[in-house]
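J.: what's the 3D shape of this:
(chains A and B)
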Amino acid sequence: MKSLRRYLDKLKPHFEKGGKFEKLHSTFDAFETFMFVPDKVTTKGAHIRDSVDMKRTMSIVVFALVPTILFGMWNIGFHHFKATGQEGTLFEIFWLGFLRVLPIIVVSYGVGLGIEFAFAQFRGHEVNEGFLVSGMLIPLVLPVDVPLWMVALATAFAVIIGKEVFGGTGMNILNPALTARAFLFFAYPSYMSGDEVWTHGMIQGEGIVDTFSGATPLAEAAAGNIDKLPQLSEMFFGTILGSIGETSTLAILIGAAILLFTGVGSARIMISTFVGGLVMGLLLNAFSTAEGLSETAQAFFSVPAWQHLMLGGFAFGAVFMATDPVSASQTPKGKIIYGFLIGFLAILIRVVNPAYPEGVMLAILLMNVFAPLIDHYVIENNIKKRLKRAKIKA
Amino acid sequence: MSKVIKIKKGLNISLLGTAEKIMKKADQADLYAIKPTDFIGIRPKLVVKVGDNVKAGTPLFFDKFQPEVQFVSPVSGEVVEINRGERRAILEVVVKADAIIEYEQFKVADPKDLSREEIVEALQNSGLWPSLRQRPYSTIANPNDIPKAIFISAFDSAPLAPDMDYMVKDCVECFQKGINVLSKLTNGKIHLNLNADYPPADTYTKAKNVQLNYFTGPHPSGNVGVQINKIDPINKGDIVWYTYPQEIAAIGRFFEKGIYDATKIVALTGSEVKNPKYFKVLNGASIKNLVKNNVNDGELRYISGNVLTGSKIEDDGYIGFYDNQITIIPEGKYHEFFGWAAPGFKKYTASRTLLSWLIPGKKYRLDTNFHGGPRAYVVTGEYEKVFPMDIYPVQLIKAIMVEDIDKMEQLGIYEVDEEDFALCEYVCTSKTEVQSIIRDGLDLMRKEMS
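T.: Numbers count the residues shown, from 1 in each chain, chains lettered A, B, ... in the order given. This next block holds a predicted model:
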């Protein structure tokens, strides 16, 4: 440690102003602060500062994602073995998934961090830690067999158009990970939806047993095949088809617990999102017998509201996506409205739109856009209260 | 007991080195200084030069904008140094004290028999007027204003704060006399704000001409800004004055004896003090004798005031005019290997991102390290957890950053002060220097309104 520190201290002057590699200051700074918390002390204001910093906060989120990652890897292997009619040990199953997911993670981090470093360098900023989370979220919301070049393209799009054009971390309007997903969803829909993309190897179609259906539970529900919905326990533990990290409600809840306990994730947003989804689900249930609905629609409408929360990407979106503090509402009251509307709209889009059986991504992106408006009215309310108080006195 | 106002949002940072309630007498300090930088917005004009002899109560300088307000020497002796900083701004006027202090004699009378003008004049000449400050802006009160109320916070909730009950327990009469003086200055109420968590000293509870208010909850419940916000918030155009118990006692003493008696009690606190105790000193004293053989080794940060809002001084620096606490903590000039990833049992955080929450009730030895680098705002909701006023702190800060005066006003800048944001600054994950932003905003506002 000490020799490393000495080595860094020796290198440092070259990267400072006037040094040989002055232009690479941000890069050096990023690596240095990664290994050592800086020795900077307070000069004005409070003399002591909290021990938390952006690196800590972001690594907590990544830590909270670990259960979903591990489960997602296992789940990929599980379904591949099931689809091809083979048996495998726990390790074989996990290893297969691990080998599938790792390259996606590597590409996402490599491309994203590369662009982040380049922009930080160009602007003379510090490298922000925000992408540590986005880089992990992007793989988790993609189907397993997505080509790696698409991951790279989507990540680049998300970081440049979704984030850097607005001024970088902290300034973006849309959630970067969802921007990446939305990009692929609309640019390459055949790789992002359908019955074949969710199981590893199914696109090539080799050795898939005839009885295996690659449709996600949501697709079945949208087609009106309510009887084909998996068991509740399967939905909860996550042995269903879906994007890499979204299937296990249990793993997501463990992550949620970590986020809430450490205070990193907003409880207001999470809870109100679930409440919003539940309310919409109940509304749909109430109208499931309405006249003029087709039989398929009636069936989809009648999926119990609380089961909606375990299907598709709802739980994942509510816990990890909606709570992104930069793209969410920032005021305490605004967060409740924002979360509620995400849940409410997600289920509405999911059930009522005719084109595809999921709505969480679009609901969150839509509310990302409206978050500043919600905040505006919440703050306007505070301003009015203050003016009123002044008038009463006067 | 009247209504108790409950403050829910806030944070008590538990530090090592609370002062024991034992009064120690240190050797009288050699040097004393009055620091114009303690007073916000004044432009000092010297009336003495190096080599002049002064008495306790002799003016050292006055404010160009309010020439009647005198800043006087706390001791008799010789002016030995006038320290200047950038652009020759006066930082310290240093007086070397005589062994026996001689006092300027002022004419005294019972405040009850004096008019408002006479009281104002007496306070201005005696050097006690600067003890009265106003909100908004925290500048020295302007005698031409009639404040809508005067607020006194009689407890300090900041980390390692001294016990204000202990500090005035012996001056029941002068405290009451001081209150009587204040009551001549306003037509409104005098709010004396007490802590509901323990029975306050008789000095406060038996005081007349005041309204007692009780507060409970974590820091910043003792901040006068928070108390004003909860009891009688400031609207545009309102002016409220505020002061503290020791200052009131000093005013009372002045009207009793007719001399400027700058005695005050300070607490010597912090993890690096070997014997944290209370000391009776004169205002502006050098801390040299207090810390001699009384601090641990290592590079230390000496603070006049508390760790959140105090100002950095040297190890032979001077106690600030308004401060009644000296805090000494370690400097934090070290690199921590993978510090952001370590479990963090020994480090303190208000969040639960470190494992130190496993050890509740632990007292910490915190240093001046930043624990990270400055970043853009990412985390939301953390200021709101420690900011008890009905104001949106982040939005106000952003309005100040872009110098949007209308927005600043709408979002409540008149109601806040730097110290109210000290906890926000402490908890900030992005390491934003919040207090200096707020000060810039207040300065900008003051310039705009004058």
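J.: which bits of the stretch 1-150 of chain B sit near chain A?
T.: By C-beta under 8 Å from any C-beta of the partner chain, the residues of the stretch 1-150 of chain B that approach chain A are B:I13. (C-beta placed from N, C-alpha, C; glycine too.)
J.: next up, the contacts around A:S108.
T.: A:135-136, A:138-139, A:151, A:155 (C-beta atoms under 8 Å, 6 or more residues apart in numbering or on different chains).
J.: nearest to B:R88 among the residues you listed?
T.: Nearest to B:R88 out of the contacts of A:S108 is A:G135 (C-beta to C-beta; 53.1 Å).
J.: could you report the neighbour count for A:I208?
T.: Other residues near A:I208 number 17, with proximity taken as other C-beta atoms under 10 Å in any protein chain shown.
J.: and for it, nearest residue in space, chain neighbours not counted?
T.: Nearest non-adjacent residue to A:I208, counting by C-beta to C-beta, 6 or more residues apart in numbering or on different chains: A:A83, 5.2 Å away.
J.: find the closest residue to chain A in chain B.
T.: Proximity of chain B to chain A (C-beta to the nearest C-beta) peaks at B:G372, 2.6 Å away.
J.: dump the residue contacts of that residue.
T.: Taking C-beta under 8 Å, 6+ apart, one finds A:33, A:37-38, A:49, A:52-56, B:340, B:429, B:431 in contact with B:G372.
J.: now the buried members of these.
T.: By neighbour count, with 16 or more other C-beta atoms under 10 Å in any protein chain shown, these hold A:33, A:37-38, A:49, A:52-56, B:340, B:429, B:431 as buried.
J.: picking that back up, isn't the residue nearest to A:I208 right next to A:V209, touching?
T.: Yes. A:A83 is within contact range of A:V209, at 6.6 Å (criterion: C-beta atoms under 8 Å).
J.: for those two, indicate the residue with more neighbours.
T.: Shown here are A:A83 and A:V209; by other C-beta under 10 Å, A:A83 has more neighbours (21 against 10).
J.: can you pull the pLDDT of the more buried one?
T.: For A:A83, the model assigns a pLDDT of 89.
J.: returning to what we had before: tell me the spacing between the residue of chain B closest to chain A and B:L123.
T.: As judged by C-beta to C-beta, to the nearest Å, B:G372 and B:L123 stand 46 Å apart.
J.: name the residues linked to the residue lying closest to B:K35 once chain neighbours are set aside by a beta bridge.
T.: The shortest distance from B:K35 to any non-neighbouring residue, by C-beta to C-beta, 6+ apart, is to B:E92 (5.2 Å). Counting by DSSP bridges, B:E92 is bridged to B:N83.
J.: which of the residues in stretch B:395-415 are buried?
T.: Buried residues in stretch B:395-415, counted by 16+ other C-beta under 10 Å: B:395-400, B:407-415.
J.: now, those residues that are in helices?
T.: Using DSSP state H, the members of the buried residues of stretch B:395-415 that fall in helices are B:395-400, B:407-410.
J.: redo these as TSV? Include pLDDT and distance to B:V72.
T.: Converted to TSV, those look like this (pLDDT from 0 to 100; distance: C-beta to C-beta, whole Å):
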residue	pLDDT	distance to B:V72
B:Q395	95	42
B:L396	96	37
B:I397	96	37
B:K398	95	42
B:A399	96	39
B:I400	96	35
B:K407	94	41
B:M408	95	36
B:E409	93	36
B:Q410	94	41
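J.: hang on, the earlier thing: what about the residue nearest to B:K35, neighbour count?
T.: Neighbour count for B:E92, taken as other C-beta under 10 Å: 20.
J.: chain B contacts on the stretch 151-300 of chain A?
T.: A:168-171, A:261-264, A:266, A:268.
J.: okay, these in CSV with neighbour count, pLDDT and secondary structure next?
T.: Output for those, formatted as CSV (neighbours: other C-beta atoms under 10 Å in any protein chain shown; pLDDT from 0 to 100; DSSP: H, G, I helix; E, B strand; the rest coil):
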residue, neighbour count, pLDDT, secondary structure
A:G168, 19, 86, coil
A:T169, 28, 85, coil
A:G170, 18, 87, coil
A:M171, 14, 89, coil
A:F261, 15, 94, helix
A:T262, 21, 93, helix
A:G263, 21, 90, coil
A:V264, 25, 92, coil
A:S266, 27, 94, coil
A:R268, 22, 95, helix
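J.: the lowest-mean-pLDDT helix or strand in chain B near chain A at all?
T.: Sorting the helices and strands of chain B by mean pLDDT, DSSP states H and E puts strand B:336-337 at the bottom, at a mean of 86. Yes. Judged by C-beta under 8 Å from any C-beta, strand B:336-337 comes into contact with chain A at B:336-337.
J.: what are the pairing partners of that strand, and which direction each?
T.: So strand B:336-337, judged by DSSP bridges, has these partners: strand A:36-37 (antiparallel).
J.: can you list the buried residues in the next helix or strand after the partner strand?
T.: Next along the chain after strand A:36-37, taking DSSP states H and E as the criterion, comes helix A:54-83. Buried residues in helix A:54-83, defined by neighbour count with 16+ other C-beta under 10 Å: A:54-61, A:63-65, A:67-83.
J.: and the end-to-end length of stretch B:305-321?
T.: End-to-end distance of stretch B:305-321: 10 Å, with C-alpha to C-alpha, to the nearest Å as the criterion.
J.: from chain B, how far off is the residue nearest to A:I208?
T.: 39 Å (C-beta to the nearest C-beta, to the nearest Å).
J.: could you say which helix or strand contains A:I208?
T.: Using DSSP H and E, A:I208 sits in no helix or strand.
J.: which residues sit in contact with A:L142?
T.: A:L142 sits next to A:104, A:151, A:181, A:184, A:192, A:243-244 when contact means C-beta under 8 Å, 6+ apart.
J.: ditto for A:T43
T.: Neighbouring residues of A:T43 by C-beta under 8 Å, 6+ apart: B:K312.
J.: ok, now which ones touch the most centrally placed residue in chain A?
T.: By C-alpha atoms, centre = their mean, chain A has its centre lying nearest to A:M321, at 4.0 Å. Counting by C-beta under 8 Å, 6+ apart, A:M321 touches A:137, A:141, A:175, A:177-178, A:360-361, A:364.
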